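Engineer: Quick one: sequence and predicted model below, then my questions.
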Amino acid sequence: MSPWSRLRNGIGARASTSCPRTPRNQSDRSLATTMKLRRLLGCTLAIGFVPLLGACGVEPLPATGTLTEETFHSEIVDDDYILRIRTPPGDDEGTLQPYPLVLQLDPTFNGLEEYAITVGLISQYASDGDWPEAIVVGIDYDDPSLRERDYVPVEPPDPAYEGEGADRFFQTLRDEIIPYLEERFSIDTARRYLVGHSNGGVFAWYAAFRHDPELGPPLLAGVVAADNGYNEVLFTFERWHAERSDDLPMKIYATRAAFNGAIQKVGFDELRGRLGGHNYETLDLQSNVLETDHKGAIWPSFEHGLELLLGDTP
Amino acid sequence: MIESFVATWFLLVSAPPLEVEAMAVPHVREDGQKTHRVHLQLDAEAIFAIGGQSALGTELHFKTRFEHWQTRLALGVWDVGAAFTYQNEPTFLAPWIDPNEVDGATHRTRLAATAGHTCQLGHRRRWAIGAHLYGGWNAWRSAYSVDYSAEDVSGDAVVTRHDFVAGGEVDVGYRFHSRVGVNVTFGTPFPTQSSYLITIAQGGLGLSFYLR
């Protein structure tokens, strides 16, 4: 059974600790050997010269297509965002065909290069024909620490979803950023996805639970919630969703890094259990426990999550 | 008169020669002369470390020390030994954790063999600057209970990992008493595993006990 099959079947396929890139033209065994050798070499150099560097950073894969950035002013937040936009190769304008839209949170926060990782993954998998080409948009800030303003739900949460924090950022996405992107590019509205890590993952869960059947299909067809925390407020949003809906028609790929420890494990298991208990008919929830830490969770979460979101629509 | 003579003679005979006494001290000789005496030393420190979050703990480092070289102002000592380290990541050092909802701690225990070299410096060789390598077993244990009463979420979990750990440590010491000194240490493991498990670095302040 391949790692991809294990993932689809919900069996915990563990990712490597810190060098998780999986070149597609290698077998799993040679891949593991290659990764071990790279890791050993990198760590040997680090031991010899710079013990404090941390283990084995991984460069994002090369990007294809056209990368641009522009300033976007939000009337709702009354602030500017930086939109980092990747359009597919051969279609600078992004208008030749309807593309999936992948929204990336925390594009450049803390040097983690989450936008570059997602763009690199989509570039390679799409050029291999395994995933469809997609338009990727990183929603960034002049000061990336402003993420805290946008991603975190306010407490106590507002049942009308009219608070600041995640409530306001969701409104900004729904009413300003996504309409702007869909006006400018050719985007398949049934294939909007959002990828978030850490507090970006919290917002991904929040956005999923904003589904309201009375308002139509979900704003997003799928989310990747990578290694986020599970505070009480997230369970409140989950409960509110369950009280108004008997389905959650989307794909969710959730991960946690095992080295974060027991607090996250309790919340992660509980939320998965609650969603499983609802028996939502069209929810495709897949999750994975990664044998790594918070930073190490980014790449395998994005890679496996995007495989879930994009992999069945070449 | 005779009584006084006998008493003086007895003192001279019973007291060890000055050279022997100097060689028997539980630290390197203050006159800088090398001996073949094997010294035993125990360093005990309170430590602060950074791993997944901030940690407090203690380290006991037992060293067997062998004098090797000398110069006019320094004496070199090799040592081998063992170090026991315990670190605790309490919730009060993690302000993002609500202690009303979360109870528990992360524990890190390390038992390592050590080897290193120390330069005893100064006119009385009381200053010490050393560097050590260590390698051994590291156990990481995250044990917490969570209670979100408003949403009826409660549970507890334990996550453990065991790893080989190796690293380096430097220390500076000053002996202010025949058997006691003070020391400061800074150590970091080689990044062979996530810092959550083995830490990024630790610093310590404590006492050195010169046992032999």
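Structural biologist: On my side now, so go ahead.
Engineer: Only C-alpha atoms from now on, for both contacts and neighbour counts.
Structural biologist: Fine.
Engineer: Which strands or helices does the strand ranked longest in chain A pack on?
Structural biologist: Longest strand of chain A, by residue count under DSSP state E: strand A:187-197. Contacts defined by 3 or more C-alpha pairs under 8 Å, 6 or more residues apart in numbering or on different chains; DSSP states H and E place strand A:187-197 against strand A:99-104, helix A:199-209, strand A:222-226, helix A:298-310.
Engineer: The third one: partners in the sheet, and parallel or antiparallel?
Structural biologist: Using DSSP bridges, the strands paired with strand A:222-226 are strand A:187-197 (parallel), strand A:251-257 (parallel).
Engineer: I'd like these as JSON lines, with mean neighbour count and mean pLDDT appended.
Structural biologist: Below are these laid out as JSON lines (neighbours: other C-alpha atoms under 10 Å in any protein chain shown; pLDDT from 0 to 100):
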{"stretch": "strand A:187-197", "mean neighbour count": "23", "mean pLDDT": "98"}
{"stretch": "strand A:251-257", "mean neighbour count": "26", "mean pLDDT": "98"}
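Engineer: out of the ones you listed, which comes closest to A:Gly111?
Structural biologist: Closest to A:Gly111 of the strands paired with strand A:222-226, according to C-alpha to C-alpha: strand A:187-197, at 13.2 Å.
Engineer: Tell me what angle that closest one forms with helix A:298-310.
Structural biologist: 150 degrees (axes from the mean of the first three to the mean of the last three C-alpha atoms, to 10 degrees).
Engineer: ok now strand A:187-197, how far from the chain's centre?
Structural biologist: Strand A:187-197 sits 9 Å away from the centroid of its parent chain (C-alpha atoms, centre = their mean, to the nearest Å).
Engineer: Hey, what's the angle from that strand to strand A:99-104? Just curious.
Structural biologist: Angle of strand A:187-197 versus strand A:99-104, following the same axes, to 10 degrees, is 20 degrees.
Engineer: can you list the residues that contact strand A:187-197?
Structural biologist: Applying C-alpha atoms under 8 Å, 6 or more residues apart in numbering or on different chains, the contact partners of strand A:187-197 are A:97-106, A:135, A:181, A:201-204, A:219-228, A:298, A:302, A:309.
Engineer: Generate a PyMOL selection restricted to the buried entries among the residues you listed.
Structural biologist: Command for PyMOL that selects the buried part of the contacts of strand A:187-197, burial taken from 16 or more other C-alpha atoms under 10 Å in any protein chain shown:
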select buried, chain A and resi 98+99+100+101+102+103+104+105+106+135+181+201+202+203+204+219+220+221+222+223+224+225+226+227+228+298+302+309
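Engineer: And stretch A:108-126, what's buried?
Structural biologist: A:108-109, A:113-126.
Engineer: do the same with stretch A:58-71
Structural biologist: Judged by neighbour count using 16+ other C-alpha under 10 Å, the buried positions of stretch A:58-71 are A:60-61, A:63-67.
Engineer: Stretch B:139-157 now?
Structural biologist: Buried positions in stretch B:139-157, judged by neighbour count with 16+ other C-alpha under 10 Å: B:139-148, B:153, B:155-157.
Engineer: Quickly check the buried residues of stretch A:108-126 for the two that are furthest apart.
Structural biologist: A:Phe109 and A:Ala126 (25.4 Å).
Engineer: that older thread, just put the strands paired with strand A:222-226 in a markdown table and tack on distance to B:Leu75.
Structural biologist: Shown next, in a markdown table, are the strands paired with strand A:222-226 (distance: least, C-alpha to C-alpha, whole Å):
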| stretch | distance to B:Leu75 |
| --- | --- |
| strand A:187-197 | 54 |
| strand A:251-257 | 49 |
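Engineer: can you give me the strands in the chain?
Structural biologist: You didn't pick a chain, so chain A it is. Secondary structure of chain A (DSSP E): strands at A:66-74, A:79-87, A:99-104, A:135-140, A:187-197, A:222-226, A:251-257, A:284-290.
Engineer: I was after chain B.
Structural biologist: B:38-50, B:54-70, B:74-90, B:102-121, B:127-148, B:153-175, B:180-189, B:201-210.
Engineer: mind giving me TSV with the ones you listed and columns for mean pLDDT?
Structural biologist: What follows is the strands of chain B, written out as TSV (pLDDT from 0 to 100):
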stretch	mean pLDDT
strand B:38-50	96
strand B:54-70	96
strand B:74-90	96
strand B:102-121	97
strand B:127-148	97
strand B:153-175	97
strand B:180-189	97
strand B:201-210	97
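Engineer: Tabulate the CA atom coordinates of stretch A:118-128 in PDB.
Structural biologist: The C-alpha coordinates for stretch A:118-128 follow below in PDB (Å, rounded to 0.1, in the frame of the first residue of the first chain):
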ATOM      1  CA  THR A 118       2.700  25.700  -2.000                       C
ATOM      2  CA  VAL A 119       3.600  27.300  -5.400                       C
ATOM      3  CA  GLY A 120       6.500  24.900  -5.800                       C
ATOM      4  CA  LEU A 121       4.400  21.900  -5.000                       C
ATOM      5  CA  ILE A 122       1.700  22.900  -7.400                       C
ATOM      6  CA  SER A 123       4.200  23.800 -10.100                       C
ATOM      7  CA  GLN A 124       5.900  20.400  -9.900                       C
ATOM      8  CA  TYR A 125       2.800  18.200  -9.500                       C
ATOM      9  CA  ALA A 126       0.900  20.100 -12.300                       C
ATOM     10  CA  SER A 127       3.900  19.800 -14.600                       C
ATOM     11  CA  ASP A 128       3.900  16.100 -13.900                       C
END
